[in-house]
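>>> Next one to model:
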Amino acid sequence: MESFESNFMNEYGERWFFEFNYETNRAFVTGDDVGDEIYPVIEVEHLI
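Numbering: from 1, shown residues only. A predicted model of the protein is given here:
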């Protein structure tokens, strides 16, 4: 298995796609309404 892929829909009906690549240990999300934009997922231990 090279990557984990999932998708979800938020409360506004926007569909988002998540992918985690096991080889690079990186993840990103992209959505239907953001065109070709890809947003990296950044690991944060504590937000507050």
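>>> Distance of Val31 relative to Glu2?
Rather than Val, residue 31 is Gly. 22 Å (C-beta to C-beta, to the nearest Å). (Each C-beta comes from the backbone N, C-alpha and C, glycine too.)
>>> most centrally placed residue in the protein?
Val29 (2.3 Å; C-alpha atoms, centre = their mean).
>>> Quick check: phi and psi on that residue?
Taking degrees, to the nearest 10, you get phi -130, psi 150 for the backbone angles of Val29.
>>> Isn't it up against Glu14?
No. With contacts counted by C-beta atoms under 8 Å, Val29 stays clear of Glu14, the gap being 11.2 Å.
>>> tally of neighbours for Thr30?
The tally of other residues near Thr30 (other C-beta atoms under 10 Å) stands at 16.
>>> Please apply the same query to Gly31.
If we define neighbours as other C-beta under 10 Å, then Gly31 has 17 of them.
>>> With the flanking residues excluded, which residue is spatially nearest to it?
Distances taken as C-beta to C-beta, 6 or more residues apart in numbering place Trp16 nearest to Gly31, at 4.5 Å, with adjacent residues excluded.
>>> The one you found and Met9, how far apart?
From Trp16 to Met9 the distance is 7 Å (C-beta to C-beta).
>>> Neighbour count: those two, which is higher?
Trp16 (16 against 11).
>>> pretty sure the more buried one is in contact with Val29, am I right?
Yes. Using C-beta under 8 Å, Trp16 makes contact with Val29 at a distance of 5.6 Å.
>>> circling back to that earlier point, the residue nearest to Gly31: which element?
For Trp16, the host element (DSSP states H and E) is strand 15-21.
>>> So for that strand, what gets flagged as buried?
Under the neighbour-count criterion of 16 or more other C-beta atoms under 10 Å, strand 15-21 has Trp16, Glu19 buried.
>>> Direction included, what does that strand pair against?
Using DSSP bridges, the strands paired with strand 15-21 are strand 3-9 (antiparallel), strand 26-31 (antiparallel).
>>> And for that strand, what's in contact with it?
2-10, 26-32, 41 (C-beta atoms under 8 Å, 6 or more residues apart in numbering).
>>> Of these, grab the buried ones for ChimeraX.
Selecting the buried subset of those in ChimeraX, with 16+ other C-beta under 10 Å as the burial test, is done by:
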select :27,29,30,31
